[in-house]
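In: below is the structure, and that's it, no one-letter string:
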């Protein structure tokens with residue numbers, strides 16, 4: 001007890017002395033905060049960290065514009081902070097990165113490196129190798145052997161020109177061979193995800209070969225380090241065998257124990273618990289400690305610890321999500337800075353040195369490219385696909401940098417040779433993305449190797465329907481029974497389920513052909529966890545909560561559903577939805593949207609009244625002060641940008657459900673109001689209303705707007721409409737529409753207008769005054785009997801339609817509005833009426849709604865209490881552009 005007391009008192013006294021010393025000086029007393037103090041290195045460490053992070057983030061923003069992986073920005077940032085650039089500023093290195101502070105910086109960087117190698121191990125998915133075992137093994141082995149041989153060959157010349165005889169040539173040759181044979185698997189995953197190659201034949205083979213190559217590369221590195229740290233060949237052999245035995249011990253008994261513990265603690269079902277996280281972290285650092293003390297680098301133990309973490313239930317992804325931000329933002333830039341401080345491109349100051357840099361880069365790329373290309377070609381791939389695989393496998397990045405740093409710390413590489421290889425790794429990694437875009441552009445990409453992508457439907461099913469067909473084919477041409485459903489967030493699930501329930505054909509109408517293809521969209525970011533999700537879609541799709549909820553809904557609704565999962569950047573979501581619908585032969589794309597809260601200075605409606613429903617709300621100044629409303633509106637703006645992208649790129653009919661928050665009576669009787677102005681979108685809306693009324697619980701009122709005899713033959717030019725919109729936007733305050741482009745339509749000519757008006761008349765006559773026989777199409781006749789067809793021509797049209805909707809709400813529990821989006825062929829101009837409605841409702845931020853759903857749909861969304869929900873449709877083939 002005396003020793004313990006003495007120790008406690010001694011520690012307390014040292015802490016008091018340290019606090020006293022720290023309190024004697026500070027910024028207010030004129031002390032330089034960047035001055036290094038061995039007893040308190042935290043101040044300088046924080047300054048170093050801030051400079052490093054800012055440099056990495058700035059370069060990442062710049063290089064991200066040209067779709068370069070973030071690792072290039074981090075490597076380049078470390079080089080610039082070293083003697084190559086900033087180090088040439090007098091006093092910079094001695095003041096910011098003094099030699100005495102490097103051990104603390106290195107300790108932090110090496111801790112981060114072990115965590116990063118643990119994450120790399122978590123990324124390794126053995127099922128990827130097993131699924132394509134023959135392909136991955138052949139490509140990875142040839143991609144290792146040929147570069148290793150070339151590296152050993154050029155190491156002779158490098159050794160004689162730049163390395164002294166004091167360094168063992170065999171060790172040097174081994175390190176050069178390993179650096180040539182390595183492939184940066186983390187960088188490869190990021191490139192595959194960014195270029196949307198993971199579901200292609202090239203992406204699948206490159207991913208599986210990259211996993212195998214990564215395992216082989218780290219094994220070779222462990223062998224090289226074992227040889228360097230041993231005094232004799234026999235000692236190196238014992239070191240390697242000890243490491244091998246330890247690896248097998250982790251891969252089998254320890255892995256089984258971790259899996260049992262994960263299931264026991266519920267970590268596989270609900271994410272890793274605190275206790276399970278603690279156990280895995282202990283295994284990580286114990287493994288790193290063991291491999292370090294037996295003569296192999298600690299990073300190898302961290303890597304193997306990541307490999308043995310269970311993949312069941314997304315446990316490995318959950319671990320990555322908990323660690324990746326700290327590692328990516330802080331630890332990795334620190335490691336790259338340590339590497340950059342050892343890199344001095346100024347040492348490459350002779351023609352011979354630059355010649356060797358060129359030779360190293362060419363031979364390294366040639367070895368990887370040739371080996372992987374020829375093996376892929378021998379396996380049956382086309383030359384274009386084979387060369388794409390070879391180009392992908394040649395990326396280096398972080399992994400080669402780790403190998404080089406291990407060689408530098410072991411004294412095998414000089415700083416000049418180290419700088420030459422760092423530059424070579426930077427060049428090869430930088431050229432991978434543009435080379436792939438050149439060799440393997442999207443038009444040549446194919447899906448295969450077990451990808452569950454099939455083309456649904458025949459050519460006849462995908463043909464554009466013509467309204468001039470005979471009446472006896474009416475049921476074959478109009479009804480839609482193959483749907484593409486978009487799933488992205490939980491808050492949109494009520495809307496998409498309500499829309500899906502509505503549009504499903506009634507029992508007996510094409511029930512054997514009805515299919516729903518759900519597309520789960522996950523945003524691809526720079527986080528490692530999203531990269532893992534993009535490579536593990538088959539596993540995630542069975543555990544994803546949104547997909548599970550929608551499948552349960554489909555079972556209760558007795559509808560067949562197939563689900564797909566796609567991890568792409570948010571800017572690519574619209575393209576992905578359009579491509580998904582086209583691949584699956586979908587006839588209608590279903591998308592939900594919750595519009596932004598529209599500000600108002602008007603008196604709020606009485607609570608509980610039917611007019612209390614809607615999206616307009618009274619402005620709360622505190623919401624604006626704290627940024628609460630702006631956050632919601634910004635999310636709606638991003639969603640609007642995505643929806644407008646789908647409208648623009650989709651070659652399939654699109655239906656947008658605007659969720660106004662009124663879900664009362666969704667399973668009971670409902671009434672539909674359809675304003676028919678004319679044009680392809682309105683014809684689609686009318687067909688959809690007829691299909692909805694196949695359900696006995698649905699009734700509808702279809703109002704044709706405008707009288708052809710009283711309206712001009714040619715609608716008002718779009719340029720005038722654009723001018724009115726511009727004036728409306730200038731006068732309104734609220735959500736700005738400058739950030740995202742607005743949708744405009746090509747100016748119609750006289751021929752197009754006449755064709756559209758003829759099609760409108762035929763469609764209206766077909767449903768409003770059917771001529772089919774009394775004994776045919778019983779279901780269609782029953783649906784039409786529940787639809788009231790009328791017209792309106794007096795102005796103001798929009799106000800009349802809104803008032804009609806409010807009247808219907810007095811007699812029907814739930815009223816839906818189905819409207820076309822385009823105003824291209826409208827016989828009546830409603831821009832001025834919409835402007836007047838905005839002024840009456842005193843709405844702000846209405847431009848976003850108007851640009852998303854069109855003028856008619858916007859009127860019903862902004863008119864409080866007019867509708868329970870709004871469905872806006874756009875027909876396939878309506879060409880739009882963004883300005």
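Out: That came through, no problem. Just so you know, these numbers come straight off a predicted model, no measurement behind them.
In: give me the helices and strands touching the strand or helix carrying residue 276, please.
Out: Following DSSP states H and E, one finds residue 276 within helix 274-293. Using 3 or more CB pairs under 8 Å, 6 or more residues apart in numbering; DSSP states H and E, the elements in contact with helix 274-293 are helix 102-123, helix 233-249, helix 255-265, helix 298-307, helix 315-326. In this view, the C-beta of every residue, glycine as well, is placed from N, C-alpha and C.
In: what mean pLDDT does the longest one get?
Out: When you say that, I think you mean helix 102-123. On average, the pLDDT along helix 102-123 is 91.
In: for the fourth one, same thing?
Out: Per-residue pLDDT over helix 298-307 has a mean of 92.
In: which strands and helices lie in contact with it?
Out: Partner elements for helix 298-307 (3+ CB pairs under 8 Å, 6+ apart): helix 102-123, helix 201-228, helix 233-249, helix 274-293.
In: could you redo the last one with a cut-off of 6 Å?
Out: helix 102-123, helix 274-293 (3 or more CB pairs under 6 Å, 6 or more residues apart in numbering; DSSP states H and E).
In: what angle sits between that helix and helix 233-249?
Out: Between helix 298-307 and helix 233-249, the angle comes out at 20 degrees (axes from the mean of the first three to the mean of the last three CA atoms, to 10 degrees).
In: can you give me the angle helix 298-307 makes with helix 274-293?
Out: 150 degrees.
In: touching helix 298-307 from outside, list them.
Out: Residues outside helix 298-307 that contact it (CB atoms under 6 Å, 6 or more residues apart in numbering): 113-114, 117-118, 121-122, 124, 218, 222, 247, 250, 283-284, 287-288, 290-292.
In: also the longest one?
Out: Around helix 102-123, the neighbours that count as contacts under CB under 6 Å, 6+ apart are 41, 45, 186, 284, 288, 298-299, 302-303, 305-307, 309, 316, 319-320, 327, 331, 334-335, 338, 528, 532.
In: got the buried residues for it?
Out: Neighbour-count burial for helix 102-123 flags 104-106, 108-123 (criterion: 16 or more other CB atoms under 10 Å).
In: and the angle from that helix to helix 274-293?
Out: 120 degrees.
In: gap between helix 102-123 and the chain center?
Out: 26 Å (CA atoms, centre = their mean, to the nearest Å).
In: next secondary structure after that helix?
Out: Next element after helix 102-123 (DSSP H and E): helix 126-131.
In: check what pLDDT the most centrally placed residue in the chain gets.
Out: Nearest to the geometric centre of the chain sits residue 524, at 1.9 Å (CA atoms, centre = their mean). Note on residue 524: pLDDT of 81.
In: try residue 617
Out: So, for residue 617, pLDDT stands at 47.
In: repeat that for residue 3.
Out: Residue 3 is given a pLDDT of 45.
In: quick one: terminal-to-terminal distance for stretch 310-319?
Out: The first and last residues of stretch 310-319 sit 10 Å apart, counting by CA to CA, to the nearest Å.
In: buried stuff in it?
Out: Under 16+ other CB under 10 Å, the buried positions of stretch 310-319 are 310-311, 313-319.
In: skip the chain neighbours and tell me the closest residue to residue 308.
Out: The shortest distance from residue 308 to any non-neighbouring residue, by CB to CB, 6 or more residues apart in numbering, is to residue 255 (4.0 Å).
In: so which residues of the stretch 701-850 of the chain form strands?
Out: 743-745, 787-792, 815-820, 843-844 (DSSP state E, counting those that start in this stretch).
In: so residue 592 is in which element?
Out: strand 588-593.
In: other residues contacting that strand?
Out: 480, 483-486, 492, 495-496, 499, 581, 639, 643, 650, 652-659.
In: from the residues you listed, which land in helices?
Out: 495-496, 499, 581, 639, 643 (DSSP state H).
In: phi and psi next, for the residue nearest to the centre of the chain.
Out: phi -90, psi 120 (degrees, to the nearest 10).
In: again with residue 515
Out: phi -150, psi 150.
In: can you check residue 562 too?
Out: Torsion angles, degrees, to the nearest 10, at residue 562: phi -120, psi 140.
In: what residues are up against the closest residue to it other than its chain neighbours?
Out: Nearest residue to residue 562, sequence neighbours excluded (CB to CB, 6+ apart): residue 517, at 5.4 Å. Going by CB under 6 Å, 6+ apart, residue 517 touches 484, 562, 584.
In: please spell out the PyMOL selection for the buried subset of those.
Out: Selection of the buried residues among the contacts of residue 517 in PyMOL, burial being defined by 16+ other CB under 10 Å:
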select buried, resi 484+584
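In: what's the closest of the contacts of residue 517 to residue 820?
Out: Of all the contacts of residue 517, residue 484 has the smallest distance to residue 820: 19.5 Å, by CB to CB.
In: so that closest one bridges to which residues?
Out: Counting by DSSP bridges, residue 484 is bridged to residue 517, residue 589.
In: pLDDT on the helix holding residue 276, on average?
Out: For helix 274-293, the per-residue pLDDT averages 94.
In: give me the contact list for it.
Out: With CB under 6 Å, 6+ apart as the criterion, helix 274-293 contacts 114, 118, 265, 267, 298, 300-302, 305.
In: the same query, at a cut-off of 8 Å, please.
Out: 114-115, 118, 222, 243, 246, 250, 254, 258, 261-262, 265, 267, 272, 297-302, 304-306, 308-309, 319, 322 (CB atoms under 8 Å, 6 or more residues apart in numbering).
In: now do the strand or helix carrying residue 872: which elements does it pack against?
Out: Secondary structure assignment for residue 872, by DSSP H and E: strand 869-874. Where contact means 3+ CB pairs under 8 Å, 6+ apart, strand 869-874 is packed against helix 493-503, strand 653-659, helix 680-692, strand 815-820, helix 847-862.
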